[in-house]
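[1] dropping the sequence and predicted coords here.
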Amino acid sequence: MEFLELAKKRYSCRSFLEKKVEKEKIEKILEAGRVAPTAVNYQPQRILVLQEKEQLEKLSNCTIYGWNAPVILVVCYDKNISWKRKYDGKDEGIVDASIVTTHMMLEIADLGLGTTWIGSFDPEKVKETYKIPENYEVVALLPIGYPTEDAKPAAMHEKRNTLEEITFWDYIN
């Protein structure tokens, strides 16, 4: 599929079938995250794959979202190895984890699966629940599954600003 077609086709899916996602597909999704660009190629991303019912249920203590997806990825980055900008010390780990997450989201769509980026969660509860090391920062939760027949993009999905509204050429006025 052409990239822009894939990017436009992808939407935030919040309704999943009770159908297991094949391990081969999960591995392709993880590979898309593995090859994503990161600052100085430090690759600080760390991804926890949740697929056992007991592990998925524990996540309900950390967020109200999840939509009974059969797989949820917990996307983190390791603060000890992420690149820090020398001018102001800004940690680029959150940017790296975001790029990784976006690559995985696009692979998920390309595989005919659905997902959405969950940002509304208690990161400390996630770390405590899954014994995530203190030096890891949790950035996103990605529920993954086969969309239900009635799954569709949200009403605002097609609303986009024009290029003129978001682009400045050579200077900002």
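    Noted; the coordinates are in hand. Residues are numbered from 1 along each chain as shown.

[2] what is the burial count for the nearest residue to residue 50 once chain neighbours are set aside?
    Distances taken as Cβ to Cβ, 6 or more residues apart in numbering place residue 72 nearest to residue 50, at 4.6 Å, with adjacent residues excluded. Yep, even glycine has a C-beta here, placed from its N, CA and C like the rest. Residue 72 is flanked by 23 other residues according to other Cβ atoms under 10 Å.

[3] any idea which helix or strand comes after the biggest helix by length in the chain?
    In the chain, with assignment by DSSP state H, the single longest helix is helix 93-110. For helix 93-110, the following helix or strand on the C-terminal side (DSSP states H and E) is strand 114-115.

[4] where do the helices sit along this protein?
    Under DSSP H, the chain gives helices at 3-9, 23-34, 53-58, 93-110, 123-129, 163-166.

[5] give me the angle between the longest one and helix 23-34.
    Think helix 93-110. If you take axes from the mean of the first three to the mean of the last three Cα atoms, to 10 degrees, helix 93-110 sits at 140 degrees to helix 23-34.

[6] which helices and strands does helix 93-110 pack with?
    Applying 3 or more Cβ pairs under 8 Å, 6 or more residues apart in numbering; DSSP states H and E, one finds that helix 93-110 contacts helix 3-9, helix 23-34, strand 45-50, strand 71-78, strand 114-115, strand 136-145.
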